[in-house]
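In: below is the sequence, then the predicted model.
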Amino acid sequence: QVRLVEAGGGWVQPGGSLQLSCAASGSLADIYALGWYRQAPGKQREYVAAISTGGVINYAASVKGRFTISNGAAAYSIYLQMNSLEREDTAVYYCTAAINVWNIMRGTTTAWGEGTQVTVSS
């Protein structure tokens, strides 16, 4: 069983920045990629970004150029640096894990974290 723990959510004004983190633990033998999804009120969960342990990276078009995903110093940990935040970025952000980046993009994932709230408002 894979356990994912997110941290770093909060409130920020439009144009501001936040950094999220995610740490995975448990049975990680088949995990080679971690990523982020988000779900805004009344909307479906949507893909944000993913990164493999080898450094392969992919972003959703809506966040490309504003968000940066990176591997942490600790194994099976990642960061999501979010800059130039917009009101439309308000959502619960979920960390997820899979065997590769493509599976994360498709939503074919092994586990989900409980989520961390990001609120962008003035």
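Out: Received it, and whenever you're ready, just let me know what you need.

In: for the rest of this, base every contact and every neighbour count on C-alpha atoms.
Out: Fine.

In: leaving out the residues flanking it, which one is nearest to the residue nearest to the spatial centre of the chain?
Out: By CA atoms, centre = their mean, the chain has its centre lying nearest to residue 36, at 2.3 Å. Using CA to CA, 6 or more residues apart in numbering and skipping the chain neighbours, the partner closest in space to residue 36 is residue 95 (4.7 Å).

In: one more: residue 39?
Out: residue 45 (4.3 Å).

In: number of nearby residues for that neighbour?
Out: 16 (other CA atoms under 10 Å).

In: so where do the helices sit in the chain?
Out: Assigned by DSSP state H, the helices in the chain fall at 101-106.

In: residue most distant from the centroid, it?
Out: residue 122 (23.5 Å).

In: test my guess that that residue contacts residue 11.
Out: No - counting by CA atoms under 8 Å, residue 11 is not a contact partner of residue 122; they are 9.4 Å apart.

In: identify the contacts common to those two.
Out: Between them, residue 122 and residue 11 share no contacting residue under CA atoms under 8 Å, 6 or more residues apart in numbering.

In: tell me the pLDDT at residue 109?
Out: Note for residue 109: predicted pLDDT of 89.

In: which strand residues bridge residue 79?
Out: residue 21, residue 70 (DSSP bridges).

In: how deep is residue 52 tucked in, by neighbour count?
Out: 24.

In: ok, now residue 30?
Out: 12.

In: surely it touches residue 99?
Out: Yes - assessed by CA under 8 Å, residue 30 is found in contact with residue 99 at 5.7 Å.
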